[in-house]
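Trainee: pasting the structure only:
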C-alpha cells in the first residue's frame, strides 16, 4: 500500500465563512472518485488504479466528522470499477459499476452488497458477456427490491433496466425498446415509486418517466437543434424534477451549465443556462432548505494540458445564479492545480440556519496522476 498524502489548504471563499477541512488522499498510483455518502460518518466512493491503469478496484474511504480516516475498504473480490453507490434503508450499502471476468474485457454490470460495516454480503454480474455492459445507477424501492440502470451494446437504444431482490437475484429486465435514446445514465425513484431516467439521443437530451412494468409514461426531449445538450444529474424536488448538465446553445461560450425544472407529469417549468467563458459541465445538483440549488462540476481551463478547475454555484429557486466559487490556483494556493468535483452533500448544522458543503472528487498533480479530493466548507 502506498503512503497517504494529506494536505490542508486555506481557502478564501465568497459565501463560506469557515473551512473545516480540505484534504487529499492517495492509496495507489491513481484514483477516480465519483460519489459521497454521509450519515454520522462520510463514505468516499472511489477506485484505486495502478500505474499502468490496468488493474482497478472499488474503494470506500470512511472518515469522521473532522475528515480523519477511520477505515478504508476495497469493494468486491474481482477487478471492478465502481461508478455509484447508495445507503439502504437497513443501513447496508449497494455499489454499482462494471467488472471483467476471467481476464476478459471490462464488459458486465457489477453490483456489490455490503453490511453497514462494508463487509461484503454478495457480489454479482449482470448482462451478457462481450457487450460492454456497465451499471450507472441503482435505486431502492423497498427493503427487498432494487432497480439497476445500465448501458449495453446488445440493445438498440443502449439501455438495460434490471430489477433484483435482496440477494441479488434477477427478477425482471427490459431493454426499454420504446425509450427513444442511445444512452441512459441517471435514474431516481419518484415519491410514488415510478422511475425517472435521463440520458441522450445523439446530441439531444431526454428525461423520461417509467412505471415498474417498464412502460414509458412520458418522455421529455430538449432542443433538437444540432447543438450539444447533456444531463448528468437528476433529483426530486418538492413538486417535480430538477436536472443539471451542459449545453452549447449559447453562441458566446463553448459549453455552458444547463438546469431544467420539470413537473412530475413532464411539463417544463423553467430552464436556465449560464457559464464562465470556458467549457463547463455540472455533475451534481442539490437543494437546500431555503429551496436554493447548489451545483457542482468543473471547467476545462487548458485543453492541451488537460487542466480543470471545479466550481460550486448557488442559485435561487428558479435557477438564477447567486454566488460562485472557482477552485483555481488562487483559492487553492497551488500552482498549476487541476481538479474535478463530482458530488456534493449539504448538511444543516443543528439549531443553525447555515449550511455546510461536503465535496468529493479528484485532484491531479503535475504528472497527471489523480488523488482523492475531499473538503468541507461552512456557509455564513
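Mentor: Structure received. It should be emphasised that the depicted structure is a prediction, and the values quoted were computed from it without experimental measurement.

Trainee: from here on, contacts and neighbour counts on C-alpha atoms
Mentor: Noted.

Trainee: and after the helix or strand of the chain with the lowest mean pLDDT, which helix or strand comes next?
Mentor: For the chain, using mean pLDDT, DSSP states H and E, the weakest element among its helices and strands is helix 329-332, scoring a mean of 67. Following the chain from helix 329-332 toward its C-terminal end, the next helix or strand by DSSP states H and E is strand 338-348.

Trainee: strand partners (parallel or antiparallel) of that following strand?
Mentor: Sheet pairing here is set by DSSP bridges, and for strand 338-348 it gives strand 355-364 (antiparallel).

Trainee: give me the below-cutoff pLDDT ranges for the stretch 1-150 of the chain.
Mentor: Within the stretch 1-150 of the chain, the set of residues satisfying pLDDT under 70 comprises 1-18, 101-106.

Trainee: where along it do the strands fall?
Mentor: Along the stretch 1-150 of the chain, the segments classed as strands by DSSP state E, counting those that start in this stretch run 16-25, 30-38, 42-49, 56-63, 69-75, 80-87, 93-100, 106-114, 120-126, 134-142, 145-151.

Trainee: what strands flank the last one, and is each parallel or antiparallel?
Mentor: So that's strand 145-151. With DSSP bridges as the test, strand 145-151 is paired with strand 134-142 (antiparallel), strand 159-165 (antiparallel).

Trainee: quick check: next helix or strand after the shortest one?
Mentor: This means strand 159-165. Next along the chain after strand 159-165, taking DSSP H and E as the criterion, comes strand 170-174.

Trainee: who does the helix or strand just after that next one pair up with?
Mentor: Proceeding C-terminally, strand 170-174 gives way to strand 183-189 as the next helix or strand, assigned by DSSP H and E. Listed by DSSP bridges, the sheet partners of strand 183-189 and their directions read strand 195-201 (antiparallel).

Trainee: tell me the first helix or strand C-terminal of the strand it pairs with.
Mentor: The helix or strand immediately downstream of strand 195-201 is strand 204-210, counting by DSSP H and E.

Trainee: what residues sit buried inside that next one?
Mentor: 204-210 (16 or more other C-alpha atoms under 10 Å).

Trainee: just to revisit the earlier point, which one of the strands of the stretch 1-150 of the chain lies closest to residue 191?
Mentor: Closest approach to residue 191 among the strands of the stretch 1-150 of the chain (C-alpha to C-alpha): strand 134-142, 9.8 Å.

Trainee: hmm, who's touching that closest one?
Mentor: For strand 134-142, the external contacting residues (C-alpha atoms under 8 Å, 6 or more residues apart in numbering) are 83-86, 88-89, 94, 96-98, 107-111, 146-152, 185-189, 193.

Trainee: between strand 120-126 and that strand, find me the angle.
Mentor: Orientation of strand 134-142 against strand 120-126 (axes from the mean of the first three to the mean of the last three C-alpha atoms, to 10 degrees) gives an angle of 120 degrees.

Trainee: for strand 134-142, buried residues please.
Mentor: Residues 134-141 are the ones in strand 134-142 that count as buried (16+ other C-alpha under 10 Å).

Trainee: surely residue 319 touches residue 272?
Mentor: Yes: look at residue 319 against residue 272 with C-alpha atoms under 8 Å: they come within range, at 5.9 Å.

Trainee: how many residues are close by residue 304?
Mentor: When neighbours are defined as other C-alpha atoms under 10 Å, residue 304 has 7 of them.

Trainee: oh, that last question was meant for residue 232, not what I typed.
Mentor: In terms of burial, residue 232 registers 20 neighbours under the definition other C-alpha under 10 Å.

Trainee: same question for residue 373.
Mentor: In terms of burial, residue 373 registers 25 neighbours under the definition other C-alpha under 10 Å.

Trainee: and it, what does it touch?
Mentor: Taking C-alpha under 8 Å, 6+ apart as the test, what residue 373 contacts is 22-25, 359-363.

Trainee: residue 377 belongs to a strand?
Mentor: Yes: counting by DSSP: H, G, I helix; E, B strand; the rest coil, residue 377 falls inside a strand.

Trainee: quickly note the distance from it to residue 162.
Mentor: 38 Å (C-alpha to C-alpha, to the nearest Å).

Trainee: can you check residue 203 too?
Mentor: From residue 203 across to residue 162, the span is 26 Å (C-alpha to C-alpha).

Trainee: these two touch, right, residue 94 and residue 85?
Mentor: Yes: under the contact definition of C-alpha under 8 Å, residue 94 touches residue 85, with a separation of 5.5 Å.

Trainee: residue 263: neighbour count?
Mentor: A count of nearby residues for residue 263, using other C-alpha under 10 Å, gives 16.

Trainee: begin at 4 from here
Mentor: Will do, 4 is the new start, and the previous item becomes residue 266.
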